[in-house]
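A.B. asks: structure for this input, please:
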Amino acid sequence: MSSTDTTSLSPVELARYSRHILLEEIGVAGQEKLKRAKALVIGAGGLGSPVALYLAAAGVGTIGLADFDKVELHNLQRQIIHGQSDIDRPKIESAKDTLSEINPHVKLQFHEEGLQAHNAVELFSQYDIIVDGTDNFATRYLNNDAAYLAGKPLVYGSIFKFEGQASLFHPRNGGPCYRCLFPEAPPPGSVPNCGEAGVMGALCGIVGSIQSMETIKYITGIGESLSGKLLFIDTMNMSFKTLKLKKDPCCPLCGENAKYTSIIAENYQETCETKNPTPNNAPTENNMNESPIEIDVLATKAQLAEGNSILVDVREAFERDICAIDGSIHIPMGEIPARLNELPKDKEILVHCHHGGRSLQVVHFLRQNGYQRSTNVGGGIDSWSTQIDSSLQRY
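C.D. replies: All right, here's what the predicted structure looks like:
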């Protein structure tokens with residue numbers, strides 16, 4: 001643990017943390033360990049919110065928070081560190097106000113540019129423990145790799161719809177890392193992205209609280225951690241299962257013949273959105289009559305202006321009630337097979353959804369059924385709202 005701050009607890013702090021101190025496993029000595037500790041939380045979103053709140057309330061002496069995003073309306077369903085008046089504010093600023101109110105005795109350090117490949121290892125080296133509150137594979141693997149290279153434990157958490165996972169990865173201490181479980185990130189478009197699948201807000205509180213508990217246990221040295229275990233949470237059935245994990249000797253990061261020995265930015269550039277497999281928005285070489293599989297929203301706007309394309313919205317009706325692109329045709333994804341006859345074969349068919357995951361699946365289906373001139377709109381209506389029409393309500 002860090003020993004840069006050995007200050008004893010003041011009478012006010014003794015009173016504040018009295019319910020901790022009454023626990024014989026914690027006591028004054030354990031609370032002083034918390035005060036000396038430095039924890040870095042990556043992300044001030046669904047998981048980072050409860051983690052940061054509970055670590056601040058617990059008296060962790062220095063809490064770092066890395067996030068570059070702004071608060072949006074749809075965040076408020078689960079990101080409980082922010083409120084209505086914080087919309088459009090940087091999440092860092094909103095979190096600062098909330099955490100300062102929770103506990104003025106905690107030192108807060110903010111990293112407004114978020115986690116970056118060029119400084120990840122150096123940043124992690126400044127803290128005792130790292131907590132992963134991210135929602136995409138690129139940053140998740142960056143967190144894992146940088147934590148290993150910095151020799152720091154990583155408290156992992158993830159959420160999906162009604163299910164969650166949690167673990168503690170610390171291969172320098174003999175345990176497995178995230179790559180021991182999942183050596184490489186899944187291909188773009190193969191897993192529903194951040195904004196496509198949905199998530200139960202209260203699930204974030206459950207998983208985030210578990211991450212907070214693992215962090216506190218590690219700092220104070222009490223109990224048995226989740227190192228070497230993966231906890232599965234199913235809130236629909238309210239069941240908890242634990243899978244034992246082993247360190248993989250062939251792991252590309254912490255194994256005997258490691259593939260990843262340093263942080264190279266190109267290895268962490270995937271996002272939770274789909275990736276354009278045909279650069280420059282050009283037709284494929286194999287079939288010049290076949291449209292590109294995906295184009296961005298700027299190319300989409302230009303192509304629609306030419307007048308020989310239609311835009312098909314495959315989102316659900318409630319999503320279209322939130323916002324819609326003028327002139328688009330609405331056919332929900334599940335209705336596409338039964339309504340193929342509504343789609344012309346003499347025009348380019350541009351397909352969009354929220355971020356681009358569902359629409360990419362629809363494009364593959366259309367091509368399998370003879371619609372070769374069908375193309376996915378990468379980034380979906382979310383990118384359209386940020387790059388084309390800012391009047392559209394984001395969600």
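
A.B. asks: all strands of the stretch 251-395 of the chain, in order?
C.D. replies: Taking DSSP state E, counting those that start in this stretch, the strands of the stretch 251-395 of the chain run over residues 294-295, 309-313, 329-330, 348-352, 374-377.

A.B. asks: the third one: partners in the sheet, and parallel or antiparallel?
C.D. replies: Using DSSP bridges, strand 329-330 pairs in its sheet with strand 309-313 (parallel).

A.B. asks: now the angle from the partner strand to strand 348-352?
C.D. replies: 30 degrees (axes from the mean of the first three to the mean of the last three C-alpha atoms, to 10 degrees).

A.B. asks: picking that back up, would you turn the strands of the stretch 251-395 of the chain into a markdown table with mean pLDDT?
C.D. replies: Formatted as a markdown table, the strands of the stretch 251-395 of the chain follow (pLDDT from 0 to 100):
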| stretch | mean pLDDT |
| --- | --- |
| strand 294-295 | 95 |
| strand 309-313 | 97 |
| strand 329-330 | 96 |
| strand 348-352 | 97 |
| strand 374-377 | 96 |
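
A.B. asks: most tightly surrounded among those strands?
C.D. replies: strand 374-377 (a mean of 28; mean count of other C-beta atoms under 10 Å). The C-beta positions use only the backbone N, C-alpha and C, and glycine is treated the same way.

A.B. asks: list the contacts of that one.
C.D. replies: 274, 291-297, 300, 311, 348-352, 356, 359-360, 362-363, 366-367, 383-384 (C-beta atoms under 8 Å, 6 or more residues apart in numbering).

A.B. asks: related to what we said a few turns ago, need the strands of the stretch 251-395 of the chain in TSV with distance to Ala56, can you?
C.D. replies: What follows is those, written out as TSV (distance: least, C-beta to C-beta, whole Å):
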stretch	distance to Ala56
strand 294-295	42
strand 309-313	42
strand 329-330	45
strand 348-352	40
strand 374-377	41
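
A.B. asks: indicate which one of those strands is closest to Tyr54.
C.D. replies: strand 348-352 (38.9 Å; C-beta to C-beta).

A.B. asks: mind listing the strands that closest one pairs with, and their directions?
C.D. replies: Sheet partners assigned to strand 348-352 using DSSP bridges are listed as strand 309-313 (parallel), strand 374-377 (parallel).

A.B. asks: and the strands in the stretch 101-250 of the chain?
C.D. replies: Using DSSP E, counting those that start in this stretch, strands in the stretch 101-250 of the chain cover 107-111, 129-132, 154-160, 163-169, 229-234, 239-244.

A.B. asks: residue contacts, Gly45?
C.D. replies: With C-beta under 8 Å, 6+ apart, Gly45 has these contacts: Asp67, Asp69, Asn75, Arg78, Gln79, Lys91, Gly133, Thr134, Asp135.

A.B. asks: again, but for Glu319
C.D. replies: Here Glu319 is in contact with His354, Tyr395 (C-beta under 8 Å, 6+ apart).

A.B. asks: where does Ser8 land in three-state SS?
C.D. replies: Of the three states, Ser8 takes coil according to DSSP: H, G, I helix; E, B strand; the rest coil.

A.B. asks: check Pro50 too.
C.D. replies: Looking at Pro50 with three-state DSSP, the answer is helix.

A.B. asks: wait, it sits on Cys204?
C.D. replies: Yes: using C-beta atoms under 8 Å, Pro50 makes contact with Cys204 at a distance of 6.5 Å.
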